[in-house]
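When you get a sec, could you give me coordinates for this:
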Amino acid sequence: MKKFIQNAFYLFFPLFIGGIVAFFIHNSINYTSLVKPVLAPPKILFSIAWTMIYLLMGISYFLYKKEYEDNGFIDILYYLQLFVNALWSIIFFLWKAKFVAILWILLLDVLVFFLIYLFFKKKKISTYLNIPYFIWILFATYLTIGIYVLN
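Reported below is the predicted structural model:
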């Protein structure tokens, strides 16, 4: 039973964190009222994309942890990038600190890049499962900068 709970935690923790953040910021999201850059998707796409990305993150970490149970640097980096990811939404939507959000998402870009690099050295499938996440946050970086400039 303990292993089941541990595996469920690895699989669903990112989705849980994303849900908590969404709960706290949902009344502060002003996406539709912002002037957005070219290629900005409709608001509904974000909840779909993030749900899939959080699930892929959880699966990738679960697969990594099945083979490597050492609580090493990858573990620290994984939870750190998840924290930075969660705080970005609070910075951008709740606090409306768009310039700080740019710096924060650039930090997230770097953390996720290094996480993918470290996964590649140990568990390649975990790398591949995080590539959509990395592409999405690069796109989110573009949107964050564009919204800052246009608003």
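
For the lengthiest helix in the chain, what does the pLDDT average out to?
In the chain, taking DSSP state H as the definition, the longest helix is helix 124-150. For helix 124-150, mean pLDDT rounds to 98.

Can you mark which positions in it are buried?
126-127, 129-130, 133-134, 136-137, 140-141, 143-148 (16 or more other C-beta atoms under 10 Å). The way it works is simple: take the backbone N, C-alpha and C, and place the C-beta from them, glycine included.

Over to stretch 27-40?
Going by 16+ other C-beta under 10 Å, stretch 27-40 has these buried residues: 29, 34, 40.

Now do that stretch, average pLDDT.
95.

same check, this time on stretch 84-99
On average, stretch 84-99 scores 97.

Could you give the separation of it from the chain centroid?
From the chain centre to the centre of stretch 84-99 is a distance of 12 Å (C-alpha atoms, centre = their mean, to the nearest Å).

Please save the CA atoms from it in CSV.
Listed in CSV are the C-alpha atoms of stretch 84-99, where the atom choice follows Å, rounded to 0.1, in the frame of the first residue of the first chain:
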residue,chain,number,x,y,z
VAL,A,84,8.9,28.0,-9.9
ASN,A,85,6.3,26.9,-12.4
ALA,A,86,3.5,27.2,-9.8
LEU,A,87,4.7,30.6,-8.5
TRP,A,88,4.8,32.0,-12.1
SER,A,89,1.0,32.0,-12.3
ILE,A,90,0.8,33.8,-9.0
ILE,A,91,3.3,36.4,-10.0
PHE,A,92,1.7,37.0,-13.4
PHE,A,93,-2.0,36.8,-12.6
LEU,A,94,-2.5,37.4,-8.9
TRP,A,95,0.3,40.0,-8.3
LYS,A,96,0.2,41.4,-11.8
ALA,A,97,4.0,41.7,-11.7
LYS,A,98,4.6,41.1,-15.4
PHE,A,99,8.3,42.1,-15.5
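
List the contacts of that stretch.
By C-beta atoms under 8 Å, 6 or more residues apart in numbering, the list of residues contacting stretch 84-99 from outside reads 17-18, 20-22, 24-25, 28-30, 100-101, 104-105, 107-108, 111, 137, 140, 144, 147-148, 151.

next one: stretch 106-125
The contact list for stretch 106-125 (C-beta under 8 Å, 6+ apart) reads 60, 63-64, 67-68, 73-74, 77-78, 80-81, 84-85, 88, 126-127, 130-131, 133-134, 137-138, 141.
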